[in-house]
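J.: The following block contains a protein sequence and its predicted model.
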Amino acid sequence: MLFACGMNSIRSPMAAAIFKHFFGKTYVGSAGVRKGELDPFAIAVIDELGLDISKHKPMTFEEMEEWEGLNFDLIVTLAPEAHHKALELTRTMAADVEYWPTPDPTAVEGSREQRLEAYRAVRDQLMKRIKARFQPQAGSVT
């Protein structure tokens, strides 16, 4: 399972952490079209769930391919540019691609709390979508 977004700094690392929480036995990765810096607000809102992404190192599709190959059965894209990139890559590999349009929380301006609320909304949307799309293991924490 690979989650992909624009810079691998907010949406895809959050989605990968949430997915891993529910499906720890399934390999999950995350990548971006470009490489950004891990966002501190993303770290904070994932930490509210008791999960830690603070050691996540953003990487591009190309870096992921060089590091371990793109051997994924499913690529879930969270941004239009990541979706286009995944479709381009899967012309030569056997992987399904699903597009889950997910807003970029960095577009929200305002106080720290208003910005955190935007990140929480993205986190909660991802969690809801992951739970709806995949069957959580019995006994997992919600």
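T.: Received it, and whenever you're ready, just let me know what you need.
J.: Name the residues of stretch 101-109 that come out as buried.
T.: By 16 or more other Cβ atoms under 10 Å, the buried positions in stretch 101-109 come out as Thr102, Pro105, Thr106, Val108. For every residue, glycine as well, the C-beta is placed using N, CA and C.
J.: Closest one of those to Thr77?
T.: Thr102 (9.1 Å; Cβ to Cβ).
J.: Make sure the closest one is actually in contact with Leu126.
T.: Yes. With contact defined as Cβ atoms under 8 Å, Thr102 counts as touching Leu126 (6.7 Å).
J.: overlap in contacts of those two?
T.: Counting by Cβ atoms under 8 Å, 6 or more residues apart in numbering, the residues touching both Thr102 and Leu126 are Arg11, Leu78.
J.: which residues touch the longest helix seen in the chain?
T.: Counting residues, the longest helix found in the chain (DSSP state H) is helix 112-133. Outside helix 112-133, the residues that touch it by Cβ under 8 Å, 6+ apart are 10-11, 14-15, 18-19, 22, 39, 41-42, 44-46, 48-49, 78, 98, 100, 102-103, 105, 107-109, 142.
J.: by contact count, what packs against the lowest-mean-pLDDT helix or strand in the chain?
T.: Using mean pLDDT, DSSP states H and E, the weakest-scoring helix or strand in the chain turns out to be helix 61-68, at a mean of 84. Helices and strands touching helix 61-68, by 3 or more Cβ pairs under 8 Å, 6 or more residues apart in numbering; DSSP states H and E, are strand 29-32, helix 80-89.
J.: State the next helix or strand along the chain beyond the last one.
T.: So the one you mean is helix 80-89. strand 96-99 (DSSP states H and E).
J.: Quick one: mean pLDDT for that following strand?
T.: Mean per-residue pLDDT for strand 96-99: 96.
J.: Distance check, Val122 against Leu70.
T.: Per Cβ to Cβ, to the nearest Å, Val122 is found 25 Å from Leu70.
J.: unless I'm mixing things up, Gly36 is touching Met59, no?
T.: No. When contacts are counted by Cβ under 8 Å, Gly36 is not listed as touching Met59 (10.2 Å).
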